[in-house]
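Novice: quick one, structure for this:
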Amino acid sequence: MEKFNLKNRRYIGSKTKLIEWVFENLRLNNIKSVCDIFAGSGVVAGQFTTIPNIKNIIINDILFSNEIIYHAFFMGQDADFKVLEELKEYYAQALKLEENYFSQHFSDKFFSYKDCVKIGSIREHIESLNLDKLNKDILLTSLIYSMDKIANTVGHYEAYRKKEILQDRFIFELISPIKHDKNIMIERKNANELAKTLKIDLVFIDPPYNSRQYSRFYHLYENLVQWKKPKLYGTALKPLCENMSEYCRSNAKKELSDLIEKLDCKRIALTYNNTYNSKSSSSQNKIDFKDLVEILSQKGKLSVKEKAHSFFNSGKTDFKEHKEFLFIVEVKP
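Specialist: This next block holds a predicted model:
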């Protein structure tokens, strides 16, 4: 197996397939500093590292697991991979496998029983090591990406395929950090709070679109990285709610308006889609197109690009003529 790169993870709303189109329209020649304020999968921030004139990048998301993933990929280029490779071999050949929190709860649901024993045993071993934060985060990120490759899901942990007979498929593989020469700052903050502190050239905004909370979609990874071993509830085996976003609730329009008003920047780029008429209420967008136009136009000169784009479908929503929109605001001085 080759090492995982940043784009290898399945992630709801990821811009991996749209990245070329987005960057064709961003006009970055005079941009030196950027903030990806809802960074999600991290692929947009990763693309910013390829732009020569951009020197400073702020990467932000509220999920604990995403913060660890960003740290591993964007800060890991100078890590000692000799030690990490030795641990990888140890996990493949010599690690003692024992029943654990992970196998007791998730076996034959998201992963097979034997794979859950492996995953949980590796997680326990990582916790027992006296590692610096970077090496630990690289191992945890590698574990997440190795799990994502074989998980019995459609890319999130809201549910699992109940009729499948699960095979033992887990193989631990390391990630390959991004090589770059940028000044990177990683945050795990509420976007509206972070906005008050920014003075920057470009803010890239890819907010949640609907009522589906990312902290609930990715509860398994949030649980894994924090390793507090909480009590779990329901079919999907989630802990109690935490880290919930107001952008997935009825006051999303108010939250976005507040965010845009607070921003001190030269340009704003915001991506959104048009799943307004989805048959699934949880898939319907929280902010209307006309509201986006109104909010963004108050900040400066607005242009809108659109592209036909197939979207994530869990099987319950039939939505035709799906489009992705890119809103670009040249902020008034």
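
Novice: what sits up against stretch 288-300?
Specialist: 253, 256-257, 260-261, 263, 268, 270, 272, 274, 276, 302, 304, 325, 327, 329-332 (C-beta atoms under 8 Å, 6 or more residues apart in numbering). Every C-beta, even on glycine, is put in place using the N, C-alpha and C of the backbone.

Novice: from those, which land in helices?
Specialist: Residues from the contacts of stretch 288-300 lying in helices, with DSSP state H as the criterion: 253, 256, 257, 260, 261.

Novice: and the first one, how far is that from residue 180?
Specialist: Read it as residue 253. Taking C-beta to C-beta, to the nearest Å as the criterion, residue 253 is separated from residue 180 by 36 Å.

Novice: neighbours of residue 179, how many?
Specialist: Residue 179: 9 surrounding residues under other C-beta atoms under 10 Å.

Novice: show me where this structure has its strands.
Specialist: Here the chain has its strands, by DSSP state E, at 33-36, 56-60, 183-187, 200-205, 265-273, 300-308, 323-331.

Novice: what's the most buried one of the ones you listed?
Specialist: Among the strands of the chain, the stretch with the highest mean neighbour count (mean count of other C-beta atoms under 10 Å) is strand 33-36, at a mean of 25.

Novice: how about that one as CSV, C-alpha atoms only?
Specialist: Output of strand 33-36 as CSV, limited to C-alpha atoms (Å, rounded to 0.1, in the frame of the first residue of the first chain):
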residue,chain,number,x,y,z
SER,A,33,-2.6,35.3,3.4
VAL,A,34,-5.7,33.1,3.6
CYS,A,35,-8.0,31.5,6.1
ASP,A,36,-10.0,28.3,5.4
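
Novice: helices or strands up against that strand?
Specialist: helix 43-48, strand 56-60, strand 200-205 (3 or more C-beta pairs under 8 Å, 6 or more residues apart in numbering; DSSP states H and E).

Novice: pretty sure residue 217 contacts residue 10?
Specialist: No. In this structure residue 217 lies outside contact range of residue 10 using C-beta atoms under 8 Å: 10.9 Å.

Novice: shared neighbours, the two?
Specialist: In contact with both residue 217 and residue 10: residue 156, using C-beta under 8 Å, 6+ apart.

Novice: between these two, which one's more packed in?
Specialist: residue 217 (22 against 16).

Novice: got any ranges where the stretch 201-333 of the chain has weak pLDDT?
Specialist: 275-285, 309-321 (pLDDT under 70).

Novice: before we move on, the earlier item: can I get the strands of the chain in a markdown table with distance to residue 249?
Specialist: Shown next, in a markdown table, are these (distance: least, C-beta to C-beta, whole Å):
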| stretch | distance to residue 249 |
| --- | --- |
| strand 33-36 | 22 |
| strand 56-60 | 20 |
| strand 183-187 | 22 |
| strand 200-205 | 17 |
| strand 265-273 | 17 |
| strand 300-308 | 25 |
| strand 323-331 | 21 |
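
Novice: right, so of those, which gets closest to residue 100?
Specialist: strand 183-187 (29.4 Å; C-beta to C-beta).

Novice: who does residue 33 form a beta bridge with?
Specialist: Beta-bridge partners recorded for residue 33 (DSSP bridges): residue 56.

Novice: hmm, residue 53 and it touching each other?
Specialist: No. Judged on C-beta under 8 Å, residue 33 makes no contact with residue 53 at a distance of 10.1 Å.

Novice: which residues sit in contact with the nearest residue to residue 147 once chain neighbours are set aside?
Specialist: In this structure, residue 147 finds its nearest non-sequential neighbour in residue 119, 6.2 Å apart by C-beta to C-beta, 6 or more residues apart in numbering. Counting by C-beta under 8 Å, 6+ apart, residue 119 touches 102, 103, 111, 143, 147, 170.
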